[in-house]
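K.L.:
Have a look at this prediction, sequence included:
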Amino acid sequence: MLPVQRKTHSQTRHGRSHHGLTAIQSAACPNCGDTKLPHRACRNCGYVRPGLSVRAHGVAAAKD
Ligand SMILES: [Zn+2]
């Protein structure tokens, strides 16, 4: 990098101040109480919303 384009340590650090990770949001499943991601199916029971649930991988879902 040419010396005229060189960023100072301060400019570099200020730019990287926006690179921090954000915490993952989680919500409790109203069906089984396990933690799940918002707007996603529950990994434990497959619950999505009232009237809709999907079968989770590796879980023997009850046959209806
Ligand atoms: Zn659940």
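P.N.:
Thanks, I have it. Only a predicted model underlies this, so the values are computations on that prediction, with no experimental measurement involved.
K.L.:
So what's the residue count around Cys42?
P.N.:
Cys42: 23 surrounding residues under other C-beta atoms under 10 Å. In this view, the C-beta of every residue, glycine as well, is placed from N, C-alpha and C.
K.L.:
Which secondary structure state does it sit in?
P.N.:
coil (DSSP: H, G, I helix; E, B strand; the rest coil).
K.L.:
State the distance from it to Gln25.
P.N.:
15 Å (C-beta to C-beta, to the nearest Å).
K.L.:
what residue ranges in the chain score low on pLDDT?
P.N.:
Within the chain, the ranges that satisfy pLDDT under 70 run 56-64.
K.L.:
which residues of it fall in helices?
P.N.:
9-15 (DSSP state H).
K.L.:
Geometric centre of it: which residue is closest?
P.N.:
Ile24 (4.8 Å; C-alpha atoms, centre = their mean).
K.L.:
My understanding was that Ser53 contacts Tyr47; is that so?
P.N.:
Yes. Under the criterion of C-beta atoms under 8 Å, Ser53 makes contact with Tyr47 at 4.8 Å.
K.L.:
if you count what's nearby, which of the two comes out ahead?
P.N.:
Tyr47 (19 against 15).
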